[in-house]
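For reference, the sequence and a predicted model appear below.
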Amino acid sequence: MTGLVRAGIVTLAALALTAGPAPARPKAPGVTDTEIVIGLTPPKAVLDILLKYEPKLQGREGTALAGAANMIIAVEGLKKAGRNLTRDGFIEAMEGIRNFTVLGLSAPIRFGPDRHHGLNAVRLMRAQKAADLSYVQVAPYQVFKPLF
């Protein structure tokens with residue numbers, strides 16, 4: 001993992017709300033595409049559960065937490081949709097999510113009738129120590145208007 005981290009699209013929610021897959025985004029050399037950065041108080045309980053069921057994730061905790069973050073957003077939409085789940089009800093529930101942060105590790109996520117994109121934010125991070133994967137925030141989240 002490098003010192004520069006670019007926030008990614010919450011693809012699970014984006015795919016659930018659109019007719020097709022999210023557009024591919026080119027990655028620059030040395031850029032890690034994830035919403036979650038190890039070393040910034042990762043939720044230990046979630047990480048423990050992930051590693052219990054899939055020990056191969058050891059050493060790739062950032063990727064594991066990013067996937068868990070996507071699942072947490074989808075579960076929030078399912079909770080809001082209620083017991084009589086329909087596709088339209090799920091979409092409406094997702095569109096009602098406002099300023100939702102995933103375990104405090106992501107920028108606020110917002111959906112709406114004309115906003116099926118979810119997260120579109122970046123923050124600049126600097127690696128501290130490679131041994132413990134620690135990072136410090138250099139600049140806070142900057143949220144960008146989605147282009148689709």
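Looks like it arrived, so ask away.

contacts, neighbours, all on C-alpha from now
Will do.

need the longest helix for this structure.
Criterion DSSP state H: the longest helix present in the chain is helix 61-81.

next structured bit after that one?
Remark: after helix 61-81, the chain's next helix or strand is helix 87-95, criterion DSSP states H and E.

The next helix or strand after that next one - which strands sit beside it in the sheet, and in what orientation?
The first helix or strand that comes after helix 87-95 along the chain, using DSSP H and E, is strand 110-112. According to DSSP bridges, strand 110-112 forms sheet pairs with strand 115-118 (antiparallel).

now Arg83: how far from Glu95?
17 Å (C-alpha to C-alpha, to the nearest Å).

Can you give me the neighbour number for Tyr53?
Neighbour count of Tyr53, defined by other C-alpha atoms under 10 Å: 9.

just to revisit the earlier point, neighbour count winner among Arg83 and Glu95?
Higher neighbour count among Arg83 and Glu95: Glu95, with 19 against 8, using other C-alpha under 10 Å.

Who's the closest spatial neighbour of that one, skipping the chain neighbours?
Using C-alpha to C-alpha, 6 or more residues apart in numbering and skipping the chain neighbours, the partner closest in space to Glu95 is Gly112 (4.0 Å).
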